[in-house]
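Novice: Got a predicted model here, sequence first, then my questions.
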Amino acid sequence: MERFQTPLETVQSVDLERYAGRWFEIARAPAPFERDTDRNVTAEYTLRPGNRVRVENRCTQPDGRIRAASGSARVKDPKSNAKLLVKFFPLMPAADYWIVGLDEDYRWAIVGEPQRRFLWVLSRVPRLDDATLAHVLREVDRAGYDHNALIHTPQDGN
């Protein structure tokens, strides 16, 4: 049985122009495809024509090498722009990318997916102050995730 019976809710509206740009990963739910991720995880979103977004993810691996992955996203719900489908590899299916929490000034975001298997806490700066982080973690719990299960991502600003 699923831990939560209620459907995952997204934010009401996302301005993709304001959302575009560089985000630092503050924390994430453990994901098999990020097992070689050590620190300095970032995501860069660039708007493209036709409600498309270019995605560039970067991280530093434990051996110090930088790994990058490029993909694309398309808006799944044009009414809100809060539900996107992201694809990194041609033969793999697109994955849900739902914005479930968003600061009104676009300083932080919480991204999840409907089954609540994956979650990312993103910020425009490498570290959130304690009060903001506590607020964001309460929002993570409110969305039906357990903030205690998150991996906090070391960031040195690169």
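Specialist: Nice, I can see it. Predicted model, so just to flag it, every value in this text is computed and none were measured.
Novice: What are the boundaries of the helices in this structure?
Specialist: Using DSSP state H, the helices of the chain run over 16-19, 130-142.
Novice: The last one: how far from the chain's middle?
Specialist: Helix 130-142 has its C-alpha centroid displaced from the chain centroid by 15 Å (Cα atoms, centre = their mean, to the nearest Å).
Novice: what packs against that helix?
Specialist: strand 95-102, strand 108-112, strand 119-123 (3 or more Cβ pairs under 8 Å, 6 or more residues apart in numbering; DSSP states H and E). No exception for glycine: its C-beta is placed from N, CA and C like everyone else's.
Novice: In it, which residues are buried?
Specialist: 132, 133, 136, 137, 139, 140 (16 or more other Cβ atoms under 10 Å).
Novice: quick one: which of those residues is nearest to residue 86?
Specialist: residue 140 (19.8 Å; Cβ to Cβ).
Novice: any chance you could map the strands in this structure?
Specialist: 21-28, 39-48, 52-60, 66-75, 83-87, 95-102, 108-112, 119-123, 151-152 (DSSP state E).
Novice: pLDDT weak spots in the protein?
Specialist: Where the chain drops to pLDDT under 70, the residues are 1-5, 157-158.
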